[in-house]
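Visitor: What follows is a predicted protein model with its sequence.
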Amino acid sequence: MSPVEEPPDFLRGLDAARVVSERVKAVVSAYDVTEVAWIPVGVVTPSARTSQYWLVHYPRLREVFDLETTTFGPSGLPIRWVIDLEQVQELPVFMVPGPLAETFLVHAEVKDALLAAGVTGMDVRRTRT
């Protein structure tokens, strides 16, 4: 498969589901052995080649927002969210619950390991804490 045809390591699936490559799974699994459930999926390239990918699923919802500083809209959904560091201290990898599920958050050492592994399709930004 040519590099142009190779899907990136981070993909957005239906309903903003986070789909990742084996390379991302290997890095994340070294840090998160209890929270994430990996669901196998196939990604089909334009030339009809199927690659093994993984749907990142967190079956146990965690409260990760700082409720005093996060701004919530009338629907109860966060408009401007702030992460509570105390609540995520033991979670090296987590996702923002609800409609923002495509947001995959990691501690700095996990980010560094993902970058060192050369993953593609990753958008690195500092989050509000």
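Guide: Great, that's in hand. Note that the structure is a prediction, hence the values are computed from the model and not measured.
Visitor: And the most far-flung residue of the chain relative to its centre, how close does it get to E6?
Guide: The outermost residue of the chain, judged by C-alpha distance from the chain's mean C-alpha position using C-alpha atoms, centre = their mean, is S47 at 27.0 Å. As judged by C-beta to C-beta, to the nearest Å, S47 and E6 stand 11 Å apart. All C-beta spots, glycine's among them, are computed from the backbone N, C-alpha and C.
Visitor: can you check Y58 too?
Guide: Remark: distance between Y58 and E6 (C-beta to C-beta) = 27 Å.
Visitor: More neighbours: the two, which one.
Guide: For the pair Y58 and E6, the greater number of neighbours falls to Y58 (17 against 13), based on other C-beta atoms under 10 Å.
Visitor: Strands of this structure, residue ranges please.
Guide: Taking DSSP state E, the strands of the chain run over residues 10-12, 18-21, 37-44, 50-57, 71-72, 78-80, 93-95, 104-106.
Visitor: any chance of these in JSON lines, with distance to S29, mean neighbour count and mean pLDDT too?
Guide: Formatted as JSON lines, the entries for these read as follows, by distance: least, C-beta to C-beta, whole Å; neighbours: other C-beta atoms under 10 Å; pLDDT from 0 to 100:
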{"stretch": "strand 10-12", "distance to S29": "15", "mean neighbour count": "16", "mean pLDDT": "80"}
{"stretch": "strand 18-21", "distance to S29": "11", "mean neighbour count": "22", "mean pLDDT": "89"}
{"stretch": "strand 37-44", "distance to S29": "8", "mean neighbour count": "12", "mean pLDDT": "92"}
{"stretch": "strand 50-57", "distance to S29": "10", "mean neighbour count": "17", "mean pLDDT": "90"}
{"stretch": "strand 71-72", "distance to S29": "33", "mean neighbour count": "12", "mean pLDDT": "90"}
{"stretch": "strand 78-80", "distance to S29": "28", "mean neighbour count": "13", "mean pLDDT": "84"}
{"stretch": "strand 93-95", "distance to S29": "9", "mean neighbour count": "21", "mean pLDDT": "81"}
{"stretch": "strand 104-106", "distance to S29": "13", "mean neighbour count": "19", "mean pLDDT": "79"}
